[in-house]
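> For reference, the sequence and a predicted model appear below.
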Amino acid sequence: MSGPALSAAVWSERRESVARHFDARAATWERLTFGGPVGWIRRSVQEGRTRMRVTLLDGLPQDLSGCSVLDAGCGAGLMAMDLAERGARVVAVDVSSALLRIGAEQWDARGRPGRLEFRHGDLLDLGEERFDIVVAMDSLIHYPAAAMLDAVRRLADHTTAEIRFTFAPRTPFLGVMHSVGKLFPRPSRAPGVHPQAARGVRDRLRHALPDWDVDTVGEVRSGFYVSAAARMVRAGGARAVSSRPEAHA
């Protein structure tokens, strides 16, 4: 087995591992997502995730009325809520049913207008749906380079304007953490991340998707949280949403 078939098999195996992990630790991720009490290590993750969410949202218009957005791997859905409150029609997909229940409860508690659908399933099972924008924060980091590349290519097939996603940048710190994680018994392991060099991510995507402009747009380091953001804009197709004049008003 090689190529896309191998990537699909790896994707399926990792997806199930990710679902089990986040279902079992949903209460912890609720605190991390919505600002509950956590220890100092998790607080650094909490702060880093907040900064990364701001990074991914930066440059998008405050008024997203008429735009459709996919939050691919939404977790408890905080970014999906931000986008819905800007007027977008948002579909928020995740493999963790426990996190989706938390997100739905939090959204209902806000009592604010917005079109937000929480959907349990694989973020790649989109049928014929298409979206103006796709965001994927820290949902693709658990997959090896080939599987992540295949995922982004498939998401691009459903996107008319732009994709914003994160990846784990290759740093000495993440390299050590990745190696140490392999020492723990399998049942005790969190879903590992797969660090990648930013240049490699850009080059592979530019080669695989020549109709898209690809670049990295920011990196966040906060204690035990390290993540980098990439932005892809469809070239010669639908005008990027963030290029609208009101995006910079």
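Perfect, thanks for sending it.

> Mind jotting down where the helices sit in this structure?
Applying DSSP state H to the chain gives helices spanning 3-24, 26-34, 40-57, 78-85, 97-110, 145-156, 172-181, 198-208.

> right, and these - which one's nearest Asp63?
Of all the helices of the chain, helix 78-85 sits nearest to Asp63, with 10.7 Å by C-beta to C-beta. Heads up, the C-betas are built off the backbone N, CA and C, glycines and all.

> Report the angle between that closest one and helix 97-110.
Angle, helix 78-85 to helix 97-110, by axes from the mean of the first three to the mean of the last three C-alpha atoms, to 10 degrees: 40 degrees.

> Which other helices and strands does helix 78-85 contact?
Here helix 78-85 touches helix 40-57, strand 68-72, strand 89-94, helix 97-110, strand 115-120, going by 3 or more C-beta pairs under 8 Å, 6 or more residues apart in numbering; DSSP states H and E.

> export these to TSV and tack on distance to Gly200, mean neighbour count and mean pLDDT?
What follows is the helices and strands packed on helix 78-85, written out as TSV (distance: least, C-beta to C-beta, whole Å; neighbours: other C-beta atoms under 10 Å; pLDDT from 0 to 100):
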stretch	distance to Gly200	mean neighbour count	mean pLDDT
helix 40-57	20	17	94
strand 68-72	21	26	98
strand 89-94	27	25	98
helix 97-110	30	17	96
strand 115-120	31	16	96
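
> looking at the ones you listed, which is closest to Arg20?
The closest of the helices and strands packed on helix 78-85 to Arg20 is helix 97-110. By C-beta to C-beta, the value is 10.4 Å.

> Need the phi and psi values for Leu126.
Main-chain dihedrals, Leu126, degrees, to the nearest 10: phi -110, psi 0.

> for Pro61, same thing?
Reported as degrees, to the nearest 10, the phi and psi values for Pro61 are phi -60, psi 150.

> Thought Arg86 was touching it, still the case?
Yes: counting by C-beta atoms under 8 Å, Pro61 touches Arg86, with 7.2 Å between them.

> circling back: figure out which of the helices of the chain is closest to Gly192.
Closest among the helices of the chain, using C-beta to C-beta: helix 172-181, at 5.3 Å.

> which residues touch the nearest residue to Ala19 once chain neighbours are set aside?
The shortest distance from Ala19 to any non-neighbouring residue, by C-beta to C-beta, 6 or more residues apart in numbering, is to Val95 (4.0 Å). Val95 is in contact with 15, 18-19, 22, 73, 120-123, counting by C-beta atoms under 8 Å, 6 or more residues apart in numbering.

> of those residues, buried ones?
Taking 16 or more other C-beta atoms under 10 Å as the criterion, what is buried in these is 15, 18-19, 22, 73, 122-123.

> just to revisit the earlier point, adding distance to Ser65 as columns, could you present the helices of the chain in CSV?
Compiled in CSV, these are given as follows (distance: least, C-beta to C-beta, whole Å):
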stretch, distance to Ser65
helix 3-24, 32
helix 26-34, 26
helix 40-57, 16
helix 78-85, 11
helix 97-110, 18
helix 145-156, 23
helix 172-181, 39
helix 198-208, 30
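
> between those, which one is nearest to Asp132?
It's helix 78-85; of those, that one is closest to Asp132 (C-beta to C-beta) at 10.9 Å.

> So what touches the closest one?
Contact partners of helix 78-85, identified using C-beta under 8 Å, 6+ apart, comprise 33-34, 53, 56-57, 60, 64, 69, 71, 74, 90, 92, 103, 106-107, 110, 112-116, 118, 135, 137.

> about what we covered before: over to the residue nearest to Ala19: give its phi and psi.
Torsion angles, degrees, to the nearest 10, at Val95: phi -80, psi -10.

> just Val193 next, same as before
According to degrees, to the nearest 10, Val193 has phi -100, psi 160.
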